[in-house]
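Novice: here's my sequence, what's the structure:
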Amino acid sequence: MTDIVLLDGGMGQELIRRSPDDVTWLWGAVVMRDYPHLVQGLHEDFLRAGAKVLTLNTYSLTRPRLALKDADDMFDPMQRAAGELAVAAVDALGADAAIAGGLPPLVGSYSPDSVLPVTEAAQHFAEIVAYQTDYVDLFICETMSSIQEAQGALMGAATAGKPIWLAYTTDDEDGTRLRSGETLAEGVAAIKDAPGLAAILVNCTRPESVAASMPILATGGLPFGAYANGFTKIVASYKPGSTVSELETRTDLTPDAYADSAMAWVEAGATIIGGCCEVGPAHIATLAQRLQSAGHRLVKP
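Specialist: Now for the predicted structure:
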């Protein structure tokens, strides 16, 4: 029996399905402003499915990203709203679950060319951390496309003095390489001794590519794992300012199919698993059932 930390799944795509509005570049922020009950409700659905970690719905809430749409005034109130909604979900169910602060790419996902210099990025991440820290137990720096992006996020996250997990995003077809072209092995070596770092993961790539990442993550000497997405691939036209409407959702990634992949990651030593974009509560519920049926215990980090 292994203790497994089961994460939640992707918020954005599921909230798009639950909302009457069309998706926008700032979707994660807009939905909290206009439909906060949908955000709390989805958090609660992931907890009912078995998740032991909720991540704040702050993926689009960075000042550089908001500035692209002249929406900087959303930063303060929506950072606070994200924390309040996650806490409310845990309290509503009396759940034994942790809350993770979300530190996403500052400008755009899968875009190493848009990454800011480390010191400048660290200042932005430190500001986000200051808003989130009262609501969270740990921080996840996620969808990091390059070593430079990871270093900036880690430097900023360390200012809170709480555990940090970092998740790289790898090439859709090659789980041994970051989207920058750097190797995952280089990425692990560059950060494994960073202050506060408590786990290394990969996220937001195809489940099929994750298996190759597992032995590389293990070289970091820290707990490791993965949470994959349900897109067919990340297309080259997806740039900062794009919406997810440019990305195609897979039709073959059923809850059982996703669980098949994730159980293989556990067999390879992963102890932190969950889902990213297009992985919903049904996927997490099936994964929870499969883990428990295999004799594993779902635990809060």
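Novice: is Leu166 in a helix, a strand, or coil?
Specialist: strand (DSSP: H, G, I helix; E, B strand; the rest coil).
Novice: who is it paired with across the strands?
Specialist: For Leu166, the beta-bridge partners are Cys141, Ile200 (DSSP bridges).
Novice: quick check: it touching Asn203?
Specialist: No: using Cβ atoms under 8 Å, Leu166 is not in contact with Asn203, being 9.8 Å away. Backbone N, C-alpha and C define where each C-beta goes, glycine included.
Novice: those two: who's more crowded?
Specialist: For Leu166 versus Asn203, neighbours defined as other Cβ atoms under 10 Å are more numerous around Leu166 (31 against 26).
Novice: low-confidence ranges, the stretch 101-250 of the chain, go.
Specialist: 235, 237-246 (pLDDT under 70).
Novice: from Trp25, how far out is Leu103?
Specialist: Leu103 sits 19 Å away from Trp25, going by Cβ to Cβ, to the nearest Å.
Novice: more neighbours: which of the two?
Specialist: Taking neighbours as other Cβ under 10 Å, Leu103 and Trp25 compare with Leu103 leading, 32 against 19.
Novice: can you pull the contacts of the more buried one?
Specialist: By Cβ atoms under 8 Å, 6 or more residues apart in numbering, the contact set of Leu103 is 125, 128-129, 139-142, 153, 156-157.
Novice: burial count for the residue nearest to it when sequence neighbours are not counted?
Specialist: Spatially, and ignoring its direct neighbours in sequence, Leu103 is nearest to Cys141 (4.4 Å; Cβ to Cβ, 6 or more residues apart in numbering). By other Cβ under 10 Å, the residues close to Cys141 number 28.
Novice: separation between Ile191 and Ala185?
Specialist: The gap separating Ile191 from Ala185 is 12 Å, by Cβ to Cβ.
Novice: looking at the two, which one has more neighbours?
Specialist: Ile191 (22 against 15).
Novice: any chance you could map the helices in the stretch 101-250 of the chain?
Specialist: 118-132, 147-157, 184-191, 207-210, 214-218 (DSSP state H, counting those that start in this stretch).
Novice: so which of the ones you listed gets nearest Arg290?
Specialist: Among the helices of the stretch 101-250 of the chain, the nearest to Arg290 by Cβ to Cβ is helix 207-210 (14.0 Å).
Novice: which elements pack onto that closest one?
Specialist: For helix 207-210, the packing partners by 3 or more Cβ pairs under 8 Å, 6 or more residues apart in numbering; DSSP states H and E come out as strand 224-228, helix 255-267.
Novice: list the buried ones in it?
Specialist: By neighbour count on 16 or more other Cβ atoms under 10 Å, the buried set for helix 207-210 is 207, 209-210.
Novice: which single one of those residues is nearest to Asp3?
Specialist: Closest to Asp3, out of all of the buried residues of helix 207-210 and judged by Cβ to Cβ, is Val210, at 20.2 Å.
Novice: look up how far Gly10 lies from the residue found closest to the closest one once you drop the neighbours it is linked to in the chain.
Specialist: Spatial nearest neighbour of Val210, chain neighbours left out: Ala226 (4.6 Å); criterion: Cβ to Cβ, 6+ apart. Look at Ala226 and Gly10: by Cβ to Cβ, they are 14 Å apart.
Novice: check Ala81 too.
Specialist: The spacing between Ala81 and Gly10, counted by Cβ to Cβ, is 19 Å.
Novice: what does stretch 275-282 contact?
Specialist: 7-10, 12-14, 42, 45-46, 48-49, 143, 203-204, 227-231, 244, 247, 249-250, 253, 255, 258, 283-284, 287.
Novice: output that stretch as PDB, nothing but the C-alphas.
Specialist: Coordinates of each C-alpha in stretch 275-282 appear next as PDB, following Å, rounded to 0.1, in the frame of the first residue of the first chain:
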ATOM      1  CA  GLY A 275      -5.600  16.000 -13.700                       C
ATOM      2  CA  CYS A 276      -5.200  19.200 -15.800                       C
ATOM      3  CA  CYS A 277      -7.200  20.700 -18.600                       C
ATOM      4  CA  GLU A 278     -10.200  18.500 -19.700                       C
ATOM      5  CA  VAL A 279      -9.800  16.100 -16.800                       C
ATOM      6  CA  GLY A 280     -13.000  16.500 -14.800                       C
ATOM      7  CA  PRO A 281     -14.600  15.200 -11.600                       C
ATOM      8  CA  ALA A 282     -15.600  12.000 -13.200                       C
END
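Novice: alright, that wraps it up for me.
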